[in-house]
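[1] Pasting the sequence and the predicted model now:
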Amino acid sequence: MRIFDRGKPMYFDNYKQFPDAQLDMKLLWEYDLDKIELNSLRNVVVQRVIERGWPQDWYFILNYYGVAGIKESIKKIGYLNDKDMYFVSHQFGIPLSEMKCYEKKQSANLHWNS
């Protein structure tokens, strides 16, 4: 299965070959690891993997949350730098206009524009 329908495979298109991939819990350093519930922190986990994750972290979230769950989270993330924002938009086929982080950047009152 291709992550999106543009004919090109995603970098992690073979994620189902890594069902035992584990999330590096250092990405969630400020949370109590004994009490952590990955389902309730989905948006945080996805954002951390986008910003700082290694391939095994990508394989983990793709297997754990599924492509649809990750797309839903990406749309809700409040901030991503431009590089990460354009990467996930391209890889998951999400229009920038559907991403909260893009909308926030467009509506930000920049110093030189005020």
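    Sure thing, it's come through.

[2] now the end-to-end length of stretch 36-43.
    13 Å (CA to CA, to the nearest Å).

[3] just the helices in this protein please.
    42-52, 55-76, 82-92, 100-107 (DSSP state H).

[4] Name the residues of the longest one that come out as buried.
    Within helix 55-76, the residues that qualify as buried by neighbour count (16 or more other CB atoms under 10 Å) are 57-62, 64-65, 67, 70-71, 73-75. No exception for glycine: its C-beta is placed from N, CA and C like everyone else's.

[5] now, which of those sits nearest Leu28?
    Asp57 (10.8 Å; CB to CB).

[6] so how far is Val45 from that closest one?
    9 Å (CB to CB, to the nearest Å).

[7] Wait, Val49 touches Leu28, no?
    No - assessed by CB atoms under 8 Å, Val49 is found out of contact with Leu28, at 10.3 Å.

[8] And these two? Which one has more around it.
    Val49 (23 against 16; other CB atoms under 10 Å).

[9] Which residue is the nearest non-sequential neighbour of that one?
    Asp57 (4.6 Å; CB to CB, 6 or more residues apart in numbering).

[10] what sits against that neighbour?
    Applying CB atoms under 8 Å, 6 or more residues apart in numbering to Asp57 gives the contacts 21, 23-24, 27, 49.

[11] Cool, thanks, talk later.
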